[in-house]
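Asker: next one to model:
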Amino acid sequence: MSVHPPILRRGDTIGIVTLGSPLNSMTINTGISVLRSMGFQVVLGNYVYSVDGFLGGTDEQRAYDLMNMFANQRVRMILPTRGGVGVLGILPYLDYEVISANPKILTGYSDISVLMNALYQFCDLITFSSLMLFDFNPSTPAYNFDQFFEATSKVSAPRIIQNPPNVLLTSKVLGNVTGPIVGGNLSSIVDTLGTSYEIDTKGKVLFLEETHEPINKVYRMINHLKIAGKFNDCIGIVMGECTECQTAYGKSYNDLIDEVLAPIGKALMTNLASAHGTYKAAIPIGALVNLNTYNNTLTVLEPTVSLS
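Answerer: Below is the predicted model:
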């Protein structure tokens with residue numbers, strides 16, 4: 001059974017960590033200011049501002065900051081500054097027993113996907129494909145904040161995950177399946193294959209999205225998952241957007257879905273507003289969902305936070 005982290009309330013303390021690539025100090029400080037204006041307290045990891053080339057510090061340093069936030073009894077939620085690359089490198093340095101004993105809200109997307117799925121697989125902890133620190137800025141759409149707080153600050157179910165107006169969900173293959181939802185950023189999920197942190201899709205609804213990749217490379221990654229048995233194991237597929245993904249050799253993202261994923265025959269929904277897109281639905285990784293493509297709905301069936 002999944003573990004529901006304690007609810008987030010105004011006035012709670014949010015721990016800020018850099019777990020992958022670095023983020024410039026101005027953007028970090030803007031996010032902190034927005035959080036404080038919303039009524040939250042903020043605690044910073046020791047290496048939040050660190051820069052080591054394309055990484056925000058060493059693997060050990062970034063893992064140290066994350067473990068400190070889980071151990072810190074003041075911290076209610078852990079918020080990464082961004083994703084980027086390198087999150088897979090911190091996983092061997094985490095203490096999953098300590099994390100299990102101190103469940104907390106963790107939210108993010110992009111390369112944070114590998115951490116979220118690892119926390120579900122090793123700790124049964126529900127996490128959230130939703131906002132990161134750099135999304136806490138004045139230009140972020142109200143839809144994104146509404147989704148975020150609906151998932152992290154309310155103990156209620158069921159919750160239908162709806163796109164914003166004029167962004168249509170599309171059901172490509174009919175089906176009605178129920179199971180935990182896993183996944184996230186396609187390239188990050190593919191990086192887990194062959195490691196101790198390989199994604200487990202057996203009996204799960206698999207959610208995927210991508211950004212800034214040519215469609216021939218997206219095909220390679222989807223085919224990798226297919227050959228690895230991940231689509232065979234899953235019970236349904238939810239495809240998010242492929243933002244700024246360039247058509248290649250005359251093939252588009254929709255062509256790829258129609259020609260590679262639809263023939264698999266699993267319940268298939270596409271165009272979920274999420275992650276790298278302008279609009280970001282809050283997807284609770286590890287929570288029980290119902291994917292019903294007969295009526296074009298994706299419904300979270302259990303509360304994703306607890307009152308404790």
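
Asker: can you give me the strands for the stretch 101-250 of the chain?
Answerer: For the stretch 101-250 of the chain, applying DSSP state E, counting those that start in this stretch gives strands covering 105-108, 127-129, 159-160, 170-173, 176-185, 205-211, 236-243.

Asker: could I get the ones you listed as CSV with mean neighbour count, distance to Gly83 and mean pLDDT?
Answerer: Placement of C-beta: from N, CA and C, glycine included. Formatted as CSV, these follow (neighbours: other CB atoms under 10 Å; distance: least, CB to CB, whole Å; pLDDT from 0 to 100):
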stretch, mean neighbour count, distance to Gly83, mean pLDDT
strand 105-108, 27, 6, 98
strand 127-129, 28, 11, 98
strand 159-160, 15, 25, 98
strand 170-173, 17, 26, 98
strand 176-185, 23, 7, 98
strand 205-211, 25, 10, 98
strand 236-243, 24, 14, 98
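
Asker: Ile32: which of those is closest?
Answerer: strand 105-108 (15.7 Å; CB to CB).

Asker: direction included, what does that closest one pair against?
Answerer: Applying DSSP bridges, strand 105-108 is found paired with strand 75-80 (parallel), strand 127-129 (parallel).

Asker: residues in contact with it?
Answerer: With contact meaning CB atoms under 8 Å, 6 or more residues apart in numbering, strand 105-108 is reached by 5-6, 8, 19, 76-80, 83, 115-116, 119, 125, 127-132, 148, 152, 282, 305.

Asker: list the contacts for the closest residue to Pro284 other than its chain neighbours?
Answerer: Nearest residue to Pro284, sequence neighbours excluded (CB to CB, 6 or more residues apart in numbering): Thr304, at 4.2 Å. For Thr304, the contact set (CB under 8 Å, 6+ apart) comprises 4, 126, 128, 151-152, 157, 159, 284, 287.

Asker: please pick the buried ones from the residues you listed.
Answerer: Burial by neighbour count, 16 or more other CB atoms under 10 Å: within the contacts of Thr304 this picks out 4, 126, 128, 151-152, 159, 284, 287.

Asker: now tabulate the strands paired with strand 105-108 in JSON lines and tack on distance to Thr299.
Answerer: Supplementary listing: these in JSON lines, determined by distance: least, CB to CB, whole Å:
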{"stretch": "strand 75-80", "distance to Thr299": "24"}
{"stretch": "strand 127-129", "distance to Thr299": "16"}
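
Asker: from Ala267, how far out is the nearest residue to Phe40 once chain neighbours are set aside?
Answerer: Distances taken as CB to CB, 6+ apart put Ile14 closest to Phe40, at 5.1 Å, once the chain neighbours are dropped. As judged by CB to CB, to the nearest Å, Ile14 and Ala267 stand 36 Å apart.

Asker: of the two, which one has the most company?
Answerer: Ranked by neighbour count (other CB atoms under 10 Å), Ile14 and Ala267 place Ile14 first, with 25 against 21.

Asker: confirm the more buried one sits in a strand?
Answerer: Yes: assessed with DSSP: H, G, I helix; E, B strand; the rest coil, Ile14 lies in a strand.

Asker: who does the residue nearest the centre of the chain bridge with?
Answerer: Note on the chain: the residue nearest the mean C-alpha position is Ser129, at 2.6 Å, using CA atoms, centre = their mean. Beta-bridge pairing of Ser129 under DSSP bridges involves Gly108, Ile283.

Asker: you'd agree it is up against Tyr109?
Answerer: Yes: if you go by CB atoms under 8 Å, Ser129 and Tyr109 touch, sitting 5.0 Å apart.

Asker: shared neighbours of those two, anything?
Answerer: Counting by CB under 8 Å, 6+ apart, the contacts common to Ser129 and Tyr109 are 184, 274-275.

Asker: end-to-end on stretch 238-255?
Answerer: This stretch, stretch 238-255, spans 16 Å end to end (CA to CA, to the nearest Å).

Asker: got the contact list for that stretch?
Answerer: 181, 183, 205-219, 257, 259, 261, 268-278, 291, 298.

Asker: phi, psi of Gly56?
Answerer: Backbone torsions of Gly56, given as degrees, to the nearest 10, read phi -90, psi 60.
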